[in-house]
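1. the following block contains a protein sequence and its predicted model.
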Amino acid sequence: MVLPCQKQFFEIPDDVTYLNCSYLSPMFESIKKAGIEGVMRKERPWEIKPKDFFEQSTQLKQLFAKIVNAATNDIAIIPSVSYGIGIAVNNICMNPKENIVVLEEQFPSNIYPWRSRDANIITVERPQNHDWTQSVLQAIDDDTTAVSVPQCHWTDGSFVDVEKIGGVCRKKNIPLVIDATQSLGIFDFDVQKIRPAFVVAAGYKWLLGPYSLGFMYVHPDYQRSLPLEHNWLSRKGSENFSQLVNYTDEYAPGACRFDVGERNNFVLLPMAMAALQQILDWGVENIYRSVVSLVDTIIERIHDGNLTEKHDFEIIPQSFRCGHILGLRFRKSLPEGFGNKMSEQNVFVSIRSNVIRVSPYIYNSISDCEKFVQILDEVLEVQNA
């Protein structure tokens with residue numbers, strides 16, 4: 001089902017065209033309200049009970065588990081993608097003769113942790129035919145000890161078939177690590193089909209949540225691995241505050257050991273819960289179809305104006321891109337200051353490398369799409385004159 005424009009949930013001025021959800025999602029009223037109520041709780045700390053340090057985190061994990069089709073115990077709460085990738089890196093055995101397969105121009109948080117280890121990083125170059133999946137499969141060899149890729153490339157929305165890659169990795173006993181930040185909340189993702197070792201995602205983009213809060217799925221085979229930190233909340237029996245002085249080396253079951261310390265942030269967790277509940281109410285598939293219809297409108301208007309030839313850029317073929325992000329990849333460098341010129345017209349998109357990344361959401365309308373194409377043409381025409 002294609003949803004009608006949901007702009008009424010968001011405080012976006014009528015003169016602002018925000019096509020940049022893959023950068024930072026705007027906040028809607030119920031999320032803001034949840035955050036304010038969370039801040040106000042600290043005014044009355046005597047009303048915060050020991051159970052409050054556990055219940056909300058469990059409820060949040062339950063909501064996220066529905067997004068990825070996992071068990072609640074398979075989910076950990078993390079502060080960032082780099083934190084989650086760091087956990088994966090620390091728990092995958094590797095030596096200098098082995099290699100890690102990653103993508104060219106992959107997001108840095110899924111690169112730097114791997115570079116900290118003494119292993120060979122194989123960087124799959126951007127394929128001329130746009131088929132990242134086949135290129136990744138060709139890069140996997142007998143020395144590959146891990147594959148760490150996104151499902152949706154953050155620069156231009158290119159699609160990586162992690163389900164197909166996961167099948168090959170399982171046959172070769174290679175752990176698959178996925179940064180799903182640009183997928184979860186809008187694109188189909190099912191850990192039962194993909195069967196990855198680890199999945200991480202920031203919560204402030206398509207999951208509509210606050211900054212500094214993210215999620216991690218850990219396959220049961222890796223749930224006895226080492227966490228990055230050793231906090232008391234992750235230990236068995238920590239619900240009993242009077243017995244915390246009786247230290248234990250046992251962890252709570254499942255992926256709880258990987259939770260960030262002070263996981264039950266009384267401000268961020270209620271905000272994330274409100275966001276995930278709204279996503280589930282709308283339906284991930286419905287959100288995706290609605291956004292795809294907006295992206296298709298942009299593409300149609302671009303082709304109507306023959307802008308790809310006029311301004312010398314290309315659009316990735318539909319079969320090789322995720323439908324919710326549109327990357328306009330320029331064959332030459334973008335004119336200097338292009339992003340600022342667009343912002344001056346109250347049109348907001350991202351520039352990543354030589355790509356204009358356009359990422360609408362269900363707060364956008366057809367008129368937003370048409371305005372973008374019009375301003376895009378006008379700004380490039382002036383700058384290239």
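-> Cool, the structure landed.
2. after the longest strand anywhere in the chain, which helix or strand is next?
-> Scanning the chain for the longest strand, with DSSP state E as the assignment, gives strand 144-150. Counting by DSSP states H and E, the next helix or strand C-terminal to strand 144-150 is helix 162-171.
3. what about that following helix, average pLDDT?
-> In this model, helix 162-171 carries a mean pLDDT of 98.
4. what does stretch 255-263 rub up against?
-> Outside of stretch 255-263, the residues within contact range by CB atoms under 8 Å, 6 or more residues apart in numbering are 57, 73-79, 83-84, 87, 216-218, 223, 227-229, 231, 233-234, 251, 269. Backbone N, C-alpha and C define where each C-beta goes, glycine included.
5. the residues you listed in strands, which ones?
-> Per DSSP E, strands hold the following members of the contacts of stretch 255-263: I75, A76, I77, I78, M216, Y217, V218.
6. got a list of what the first one touches?
-> Right, the one you point to is I75. With contact taken as CB under 8 Å, 6+ apart, I75 is in contact with K61, F64, A65, F215, M216, Y217, V218, G254, A255.
7. and which of those residues is nearest F9?
-> The nearest member of these to F9, counting by CB to CB, is F64 at 20.3 Å.
8. list the buried residues in stretch 301-312.
-> Buried residues in stretch 301-312, counted by 16 or more other CB atoms under 10 Å: R301, I302, L307, H311.
9. so which of those residues belong to helices?
-> Counting by DSSP state H, the part of the buried residues of stretch 301-312 found in helices is R301, I302, L307, H311.
10. could you measure from the second one over to H130?
-> Noted for I302: a distance of 17 Å to H130, by CB to CB, to the nearest Å.
11. circling back to that earlier point, Throw the ones in helices among the buried residues of stretch 301-312 into JSON lines and include pLDDT and distance to Q182, thanks.
-> Formatted as JSON lines, these follow (pLDDT from 0 to 100; distance: CB to CB, whole Å):
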{"residue": "R301", "pLDDT": "97", "distance to Q182": "24"}
{"residue": "I302", "pLDDT": "97", "distance to Q182": "21"}
{"residue": "L307", "pLDDT": "95", "distance to Q182": "24"}
{"residue": "H311", "pLDDT": "93", "distance to Q182": "25"}
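12. domain parsing for the protein?
-> Domain segmentation of the chain under automatic domain parsing yields 7-28+284-383, 30-282.
13. one step back: just give me the closest of the ones in helices among the buried residues of stretch 301-312 to S183.
-> For those, the minimum distance to S183 (CB to CB) is 24.1 Å, reached by I302.
14. helix or strand for the residue nearest to that closest one when sequence neighbours are not counted, which one?
-> Closest residue to I302 apart from its sequence neighbours, by CB to CB, 6 or more residues apart in numbering: V373 at 5.9 Å. According to DSSP H and E, V373 maps onto helix 366-383.
15. what's next to that helix, contact-wise?
-> Helix 366-383 is touched from outside by 17, 19, 294, 297-298, 301-302, 305, 307, 310-311, 335, 337-338, 341-342, 345, 347, 349, 356, 358, 360, with contacts defined as CB under 8 Å, 6+ apart.
16. buried ones among these?
-> Among the contacts of helix 366-383, those buried by neighbour count (16+ other CB under 10 Å) are 17, 19, 294, 297-298, 301-302, 307, 311, 338, 341-342, 345, 347, 349, 356, 358, 360.
17. strands - which of those residues land there?
-> Among those, DSSP E puts T17, V347, I356, V358 in strands.
18. quick check: the third one vs Q318, distance?
-> Here the distance between I356 and Q318 works out to 18 Å (CB to CB).
19. same question, the last one
-> Separation of V358 from Q318 (CB to CB) stands at 15 Å.
20. the second one now?
-> Taking CB to CB as the measure, V347 falls 24 Å from Q318.
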